[in-house]
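Trainee: Curious how this folds, go ahead:
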Amino acid sequence: MIAQDDVEFYKENGYLLVKGVYTEQEVEAMRGAIDRIIHRAVEANMDRNARWGGDHTPEEELKRVVLKGYHDVQYHDSAFTLAALHPNMRAVLSRLIGPNVQLHHSKMLVKPPEVGAAFPMHQDYPYFPHESHSMMAGSVHLDDTDEENGCLHVIPGSHKQGPLEHVGRHYLNHKEYPIRMGVPCPAKAGDVLFFNYLTIHGSEVNRSGRTRRNVLFQYRDPLDRPIEDKHVNWGQGLMVCGENPVFRLYKGAH
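Mentor: Modelled structure (predicted):
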């Protein structure tokens, strides 16, 4: 699925866009699953706006922006279990992480047309810090994305800086790290952007008339131990590639 040059690019830059990981039919299945999850959340009176607060966005704009986000979507629809274990994903992950790969968690992110909320620049590290920094996101694009509808921006090579201090452990100082500092990563539906959890990234508001839907899978080497018991769920640790070299009982802890 990827060449050695791609592996070297990822190591140097901390991200890699891989095109055509999923077929049109597989993308459509995940789109339908997202629609059904949101519908069930509304019916259960558990719908919510997952946008970030803070001074990174003017107050009046912050009041109107929206982000639909739910974690561990593989527990809600089998389309995401199949996606997380997709042969093309496994082919990439085994080259970028190694022969043994675990799923840490997943989440869906939906930026509605015209009001889809921004994500200020940040590292994912503060949310689930690990010892060896093998943690990697695979951001699955379910719509064509560009700068108009809030595609991801990354700062190449920023993963080499190590963990940085975040505002309230959520995002970096937006004056020091504005989103425009990053390189935009436009993509087509079915493409996947892989990036290390230390790579600085963010995205602008969706100002277009198009929806921007992504599903993000976080993967790690099973020997990479968490520094803190954060972002833990009862199904964590599904083996995606290879084996878990250490036998232990899984009871919902990292």
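Trainee: pLDDT below threshold where in this structure?
Mentor: 48-67, 168-169, 251-254 (pLDDT under 70).
Trainee: Geometric centre of it: which residue is closest?
Mentor: Centroid-nearest residue in the chain, with Cα atoms, centre = their mean: Leu216, separated by 3.5 Å.
Trainee: so the closest residue to that one other than its chain neighbours, which of the three states?
Mentor: Using Cβ to Cβ, 6 or more residues apart in numbering and skipping residues adjacent in sequence, the residue nearest Leu216 is Ser139, 4.9 Å away. All C-beta spots, glycine's among them, are computed from the backbone N, C-alpha and C. With DSSP: H, G, I helix; E, B strand; the rest coil as the basis, Ser139 sits in strand.
Trainee: for Phe194, what are its contacts?
Mentor: Applying Cβ atoms under 8 Å, 6 or more residues apart in numbering to Phe194 gives the contacts 10, 15-18, 92, 96, 136-139.
Trainee: The residue nearest to the centre of the chain looks like it's in a strand, true?
Mentor: Yes - looking at Leu216 with three-state DSSP, it is inside a strand.
Trainee: Would you confirm that it contacts His104?
Mentor: No - using Cβ atoms under 8 Å, Leu216 makes no contact with His104, being 10.8 Å away.
Trainee: Can you report how many residues neighbour the residue nearest to Leu216?
Mentor: 23 (other Cβ atoms under 10 Å).
Trainee: Identify the bridge partners of it.
Mentor: On the basis of DSSP bridges, Ser139 is bridged to Leu193, Leu216.
Trainee: isn't it right up against Tyr197?
Mentor: No - counting by Cβ under 8 Å, Ser139 does not reach Tyr197; the two are 11.9 Å apart.
Trainee: could you say which helix or strand contains Gln25?
Mentor: Secondary-structure element containing Gln25, defined by DSSP states H and E: helix 24-43.
Trainee: Just give me how far that helix sits from the chain centre.
Mentor: The chain centroid and the centroid of helix 24-43 are separated by 17 Å under Cα atoms, centre = their mean, to the nearest Å.
Trainee: tell me which residues in that helix are buried?
Mentor: Neighbour counts over helix 24-43 (16 or more other Cβ atoms under 10 Å) mark 26-27, 29-31, 33-34, 37 as buried.
Trainee: could these go into TSV alongside distance to Val192?
Mentor: Below are the buried residues of helix 24-43 laid out as TSV (distance: Cβ to Cβ, whole Å):
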residue	distance to Val192
Glu26	12
Val27	11
Ala29	16
Met30	12
Arg31	15
Ala33	17
Ile34	16
Ile37	20
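Trainee: Which single one of those residues is nearest to Pro184?
Mentor: The shortest approach to Pro184 among those belongs to Val27, at 21.1 Å (Cβ to Cβ).
Trainee: List the buried residues of stretch 209-220.
Mentor: 210-220.
Trainee: so how many other residues sit close to the closest residue to Phe195 other than its chain neighbours?
Mentor: Leaving out its chain neighbours, the residue that sits closest to Phe195 by Cβ to Cβ, 6+ apart is Tyr15, at 3.9 Å. For Tyr15, the number of neighbouring residues by other Cβ under 10 Å comes to 25.
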